[in-house]
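**Q** Here is the input, now give the coordinates:
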Amino acid sequence: MSGKASLLPLSEELYLRSLTGRLVGEHLFDGYRRVAAIAYPDRICAAMAAAVVTSYTYYAGYRDGLGAVFVYDENIDETARAIASAGFDAVYIAFGGEQRLSTVSEATVKTLRALASAGYRGALAVHVRAWLATKQLSAALSDPGLRQWLESLPEVRVFTADLSSRRFVFSRVRFAEGKASLAPYREALLTDEHVDLLRRSIPPPE
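**A** The predicted model follows:
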């Protein structure tokens, strides 16, 4: 789907997503019973979505119907309708590091618009790169319809990284006057190896 996206070889990129996915599946989805992930159709996002759902199945208790992985493509409206009718507690927008920020932002807004149009009313979880690419969801909040829908959801969560303190921060998103802010609810310490991989995983330029 793209050219060389990082200074890391693909093997290390995939290992990085396994480390990140373990923590995200444990902490971002804590308390939910059924979770859907939507992945951009590239190697890194697919690895991330698979790692997250694998982690979630472990921490939430392995059982049938626990989670599902969907792919972002030209059929996103149909995908959103399938998600909305399936009764998931939360949907995770797993768009990350193999695409340009502008591409991630566009895909995120299209996905949110599709979910809103499909009548999805569950919780929303957002990958850190989608959060950054949309400028803290401002690309979606600028649309009055999407703003109203986002504000109506029972919960919106996001995770961010603080590499200087070697941790992921998991937060609930608060909305006020058309802007989003974060209310942290949990932190997870990162290993030295994990921090090193994150620092060397350079996203593609615009």
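
**Q** Return the residues in contact with the most centrally placed residue in the chain.
**A** With distances taken as Cα atoms, centre = their mean, His127 lies nearest the centre of the chain, 2.7 Å away. By Cβ atoms under 8 Å, 6 or more residues apart in numbering, His127 lies in contact with 24, 48, 92-96, 158-159. C-beta here means a position set from N, CA and C on the backbone, and glycine is covered the same way.

**Q** hmm, 6 Å instead?
**A** Going by Cβ atoms under 6 Å, 6 or more residues apart in numbering, His127 touches 93-94, 96.

**Q** ok, and the most crowded of those residues?
**A** Counting neighbours by other Cβ atoms under 10 Å, the top entry in these is Ala94, with 30 neighbours.

**Q** ok, and the closest non-adjacent residue to that one?
**A** If the residues on either side of it in the chain are set aside, Ala94 comes closest to Ala49, at 4.4 Å by Cβ to Cβ, 6 or more residues apart in numbering.

**Q** any chance you could map the strands in this structure?
**A** Read by DSSP state E, the chain holds these strands, from start to end of the chain: 35-39, 67-71, 90-94, 123-126, 156-162, 167-176, 179-189.

**Q** For the shortest one, which helices and strands make contact with it?
**A** What that stands for is strand 123-126. Contact partners of strand 123-126 among helices and strands, from 3 or more Cβ pairs under 6 Å, 6 or more residues apart in numbering; DSSP states H and E: strand 90-94, strand 156-162.

**Q** Out of those strands, the one nearest Leu8 is which?
**A** Set against Leu8 and scored by Cβ to Cβ, the helices and strands packed on strand 123-126 come closest in strand 156-162, at 15.7 Å.
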